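*Asks:* Have a look at this fold, sequence not included:
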């Protein structure tokens, strides 16, 4: 669709939507909605959103949350330096060092494969894949032939 047709379609849709009459809500629905709004307006402070709480309660709750967060940070810091935590952490670190060696090996192998692909060229790689596919097809057909020969009725 070209831009001119698209803008004409948008204008036609806009005209049709503006020509529609205004919808009114059913009486039962509007009554329920107004009741919910009234209940929310008169809800106790702890049931309303935090931004509508009284300023003193907001400040107090914020201070309590900061104290809890600070306490958790301090507890985490102290636990990280406790001997009960340090010994298993050192053991896990030595185990992960072995995994790091394996990861480095895979990285080197991946780089080697990339270099081989760059040096050999696309044609050689495609020829190798075709040869591997043909070899697979030959093995499958020979296997099927020998299987049928082995279980053939005589």
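*Replies:* Yep, it's here. Since this is a predicted model, take the numbers as computed values, not measurements. Numbers count the residues shown, from 1 in each chain.

*Asks:* Burial check on residue 92, number of neighbours?
*Replies:* The local packing of residue 92 (other CB atoms under 10 Å) involves 10 other residues. For glycine as for every other residue, the C-beta is placed from the backbone atoms N, C-alpha and C.

*Asks:* Kindly report the same for residue 53.
*Replies:* For residue 53, using other CB under 10 Å, the count is 15.

*Asks:* tell me the contacts of it?
*Replies:* Contact analysis of residue 53 by CB atoms under 8 Å, 6 or more residues apart in numbering lists 45-46, 61.

*Asks:* roughly how far apart are it and residue 69?
*Replies:* Distance of residue 53 to residue 69, given as CB to CB, to the nearest Å: 19 Å.

*Asks:* go on, residue 32?
*Replies:* Distance from residue 32 to residue 69, by CB to CB: 41 Å.

*Asks:* what do you get for residue 18?
*Replies:* Separation of residue 18 from residue 69 (CB to CB): 53 Å.

*Asks:* So which of these two has more stuff around it?
*Replies:* The neighbour comparison of residue 18 against residue 69 (other CB under 10 Å) goes to residue 69, with 10 against 7.

*Asks:* Test for you: state the pLDDT assigned to that one.
*Replies:* With respect to pLDDT, residue 69 scores 96.

*Asks:* any idea which element it lies in?
*Replies:* According to DSSP states H and E, residue 69 maps onto helix 55-80.

*Asks:* Would you tell me what the next helix or strand after that helix is?
*Replies:* In the C-terminal direction from helix 55-80 (assignment by DSSP H and E), the next one is helix 83-120.

*Asks:* helices or strands up against the helix or strand just after that following helix?
*Replies:* Next helix or strand after helix 83-120 toward the C-terminus (DSSP H and E): helix 122-150. Applying 3 or more CB pairs under 8 Å, 6 or more residues apart in numbering; DSSP states H and E, one finds that helix 122-150 contacts no other helix or strand.
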